[in-house]
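> sequence and computational prediction follow.
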Amino acid sequence: MACFIAPAAAAIAATAIKKRMPSCWHFGKLTLMLWGGVLMLLVDHAATGEIIPYFPFFTRSWNEIWPEIIKIGLPMTLLIFAVWGGIILYSNFKNKPVILENK
């Protein structure tokens, strides 16, 4: 029910430092992937009634929320970072000129 908190925290941090990062790191893609994941999870949890639009927002206690953040939210966030890393590697490899030597 609260697995979106981990990618939301990462998205906030990534958005805050995005302008200081080199363009070859494609930080805009990372923030887009993180915020997209957060939005998708918010819609999913709102549709199933796990979060509500008024305080306290969650339908369960923090004792049930923390394990979900650690077991589901953190791995999902790490997967987003891994995909982003793959995008960086692919884009940097693709844009490198290939030098062929004639011997």
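Everything's here; your move. Residues are numbered from 1 along each chain as shown.
> buried ones in the lowest-mean-pLDDT helix or strand in the chain?
Using mean pLDDT, DSSP states H and E, the weakest-scoring helix or strand in the chain turns out to be helix 62-68, at a mean of 88. Using 16 or more other CB atoms under 10 Å as the test for burial, helix 62-68 gives 65, 68. In short, each C-beta sits where N, CA and C put it, glycine included.
> what sits up against the next helix-or-strand element following it?
Once helix 62-68 ends, the next helix or strand along the chain (criterion: DSSP states H and E) is helix 74-94. Residues outside helix 74-94 that contact it (CB atoms under 8 Å, 6 or more residues apart in numbering): 3, 6-7, 10, 24-26, 29-30, 33-34, 37.
> could you give the mean pLDDT of helix 74-94?
The average pLDDT for helix 74-94 rounds to 92.
> buried stuff in that helix?
74, 77, 80, 84, 88.
> if we can go back for a sec, select from the contacts of helix 74-94 the one having the most neighbours.
The member of the contacts of helix 74-94 that has the most neighbours, counting by other CB atoms under 10 Å, is residue 7 with 27 neighbours.
> ok, that one - contacts?
Contacts of residue 7 (CB under 8 Å, 6+ apart): 34, 37-38, 41, 73, 76-77, 80.
> residue closest to the middle of this structure?
Nearest to the mean C-alpha position of the chain, by CA atoms, centre = their mean, lies residue 34 at 2.9 Å.
> residue 71: neighbour count?
For residue 71, the tally of surrounding residues (other CB under 10 Å) stands at 10.
> residue 21 contacts residue 27, doesn't it?
Yes - Residue 21 is within contact range of residue 27, at 4.3 Å (criterion: CB atoms under 8 Å).
> who has more neighbours, these two?
residue 27 (19 against 13).
> now the more buried one: how far from residue 67?
The gap separating residue 27 from residue 67 is 31 Å, by CB to CB, to the nearest Å.
> great, nothing more from me.
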